[in-house]
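can you look at this prediction? I've put the sequence above it.
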Amino acid sequence: MATDRENRIRSTTILAVRKDGKVALGGDGQVTLGDSVLKSGATKVRTLQDGKVLAGFAGSVADALTLFEKFEAKLKDHPANLARAAVELAKEWRTDRYLRRLEAQLAVADAEHSLLISGTGDVIEPDDGVMSIGSGSTMAVAAARALVEHSSLEAGELVRAALEIAADICIYTNRNITVLEL
């Protein structure tokens, strides 16, 4: 009999890249349970705050959707301050009895900041404008950093290319990619 750990839903690679004054955030569409692909066309990235904020999630879908709702509420409370909204979400996520059980991570970006938000209270902005969450995150970051350094691709093209590279390596990442840009 399979354990909960073996049946854990694994999914996704979300990647954000900031280049030449633009930011792009993309994600693949694969959702996996154990050794089976359950869905190949899930959408795990979206725009928030009337298209001013890009957001993506990795982890449990129901948990992530709950966190998106909470984050949107924080953005309404702090409309011009993505970092403040992210810190407020992280504080609530870490201290609330219900929220702290949620298993997901968020990657968010606006015109000025790219932030990773986790339930352990992390709000991290990458030094180099490249960040990723999810199963294939290390592969996507490595590919993106190489492409930033050695190509003339724009942010959106770079995100797509790096996610395609990650999909060739990570079994939990596919080539059904959605990319959003600001």
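Now that the structure is in, tell me what you want to look at.

adjacent strands (with direction) for the helix or strand hosting Ile14?
Secondary structure assignment for Ile14, by DSSP states H and E: strand 13-19. Strand 13-19 pairs in its sheet with strand 22-27 (antiparallel), strand 130-134 (antiparallel), by DSSP bridges.

how about low-confidence regions in the protein?
Low-confidence segments of the chain, defined by pLDDT under 70: 1-11.

how about CSV for the strands paired with strand 13-19, with distance to Leu163 added?
From N, CA and C alone the C-beta is placed, and that goes for glycine too. Converted to CSV, these look like this (distance: least, Cβ to Cβ, whole Å):
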stretch, distance to Leu163
strand 22-27, 6
strand 130-134, 9
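
point out the most buried one among the ones you listed.
Of those, the one with the most neighbours on average (mean count of other Cβ atoms under 10 Å) is strand 130-134, at a mean of 26.

does Thr12 touch Cys170 like I think?
No - if you go by Cβ atoms under 8 Å, Thr12 and Cys170 don't touch, sitting 9.6 Å apart.

mutual contacts of the two, please.
Ser135, Gly136 (Cβ atoms under 8 Å, 6 or more residues apart in numbering).

what segments of the protein are strands?
9-11, 13-19, 22-27, 31-33, 36-39, 45-48, 53-59, 104-109, 114-118, 123-124, 130-134, 178-181 (DSSP state E).

can you redo the ones you listed as JSON lines with distance to Ala80?
Below are the strands of the chain laid out as JSON lines (distance: least, Cβ to Cβ, whole Å):
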{"stretch": "strand 9-11", "distance to Ala80": "32"}
{"stretch": "strand 13-19", "distance to Ala80": "19"}
{"stretch": "strand 22-27", "distance to Ala80": "17"}
{"stretch": "strand 31-33", "distance to Ala80": "34"}
{"stretch": "strand 36-39", "distance to Ala80": "36"}
{"stretch": "strand 45-48", "distance to Ala80": "14"}
{"stretch": "strand 53-59", "distance to Ala80": "11"}
{"stretch": "strand 104-109", "distance to Ala80": "14"}
{"stretch": "strand 114-118", "distance to Ala80": "15"}
{"stretch": "strand 123-124", "distance to Ala80": "17"}
{"stretch": "strand 130-134", "distance to Ala80": "22"}
{"stretch": "strand 178-181", "distance to Ala80": "20"}
